[in-house]
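**Q** pasting the structure only:
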């Protein structure tokens, strides 16, 4: 029995939730999101709340119950508050700049790396060493932040590279000269 799946999702004012077959539509002040709902899960809007129920007791339905509830809850949060991931750039000469619809990264390569903005994602650079990825879809925000981090992940010896703001990089000791 999914404890997460049984919790109702309150619908804030100004948010509209519709269910059409295997799709859930959530519209709010920041935009609109669609989400595919797997078979075996029913979604109903009752008394200003969204409730997710299983239609059967198959293992796939049981495992999807809590997942679908969280996906719909993330849709509601996304259209009201939005999501953001913050990245830090550590390294001498490493910097980022948002120009138009591209993020230009100088990460120690012989050329600058250009990352185009995906649809529905906003990327800001308040400082040359800080990147803020924001949007209404939690999955797309996280994926975009992971792609940017993937250009130069933090290395374990000096800690240089692109990392999440709250990420902790454990540094290795490196070589030590032997004394004879």
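**A** Looks like it came in fine. Worth saying up front: this structure is predicted, and the values here are computed from it rather than measured.

**Q** okay, now the unreliable bits of the chain?
**A** Along the chain, segments meeting pLDDT under 70 span 1-2, 177-180.

**Q** make it 90
**A** 1-6, 21-22, 39-40, 62-63, 173-180 (pLDDT under 90).

**Q** run through the helices of it in chain order.
**A** Ranges of helices in the chain, per DSSP state H, are 3-6, 59-80, 138-150.

**Q** now those helices as JSON lines including distance to residue 23 and mean neighbour count?
**A** Heads up, the C-betas are built off the backbone N, CA and C, glycines and all. Output for these, formatted as JSON lines (distance: least, Cβ to Cβ, whole Å; neighbours: other Cβ atoms under 10 Å):
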{"stretch": "helix 3-6", "distance to residue 23": "19", "mean neighbour count": "14"}
{"stretch": "helix 59-80", "distance to residue 23": "11", "mean neighbour count": "19"}
{"stretch": "helix 138-150", "distance to residue 23": "16", "mean neighbour count": "18"}
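
**Q** same list (those helices) but as a markdown table, adding distance to residue 30.
**A** Formatted as a markdown table, the helices of the chain follow (distance: least, Cβ to Cβ, whole Å):
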| stretch | distance to residue 30 |
| --- | --- |
| helix 3-6 | 24 |
| helix 59-80 | 5 |
| helix 138-150 | 12 |
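
**Q** do you know which of these lies nearest residue 24?
**A** Among the helices of the chain, the nearest to residue 24 by Cβ to Cβ is helix 59-80 (5.7 Å).

**Q** that closest one packs against which elements?
**A** Applying 3 or more Cβ pairs under 8 Å, 6 or more residues apart in numbering; DSSP states H and E, one finds that helix 59-80 contacts helix 3-6, strand 9-10, strand 23-28, strand 31-36, strand 41-46, strand 49-54, helix 138-150.

**Q** buried stuff in the fifth one?
**A** I take that to be strand 41-46. Going by neighbour count (16 or more other Cβ atoms under 10 Å), the buried part of strand 41-46 is 41, 43.
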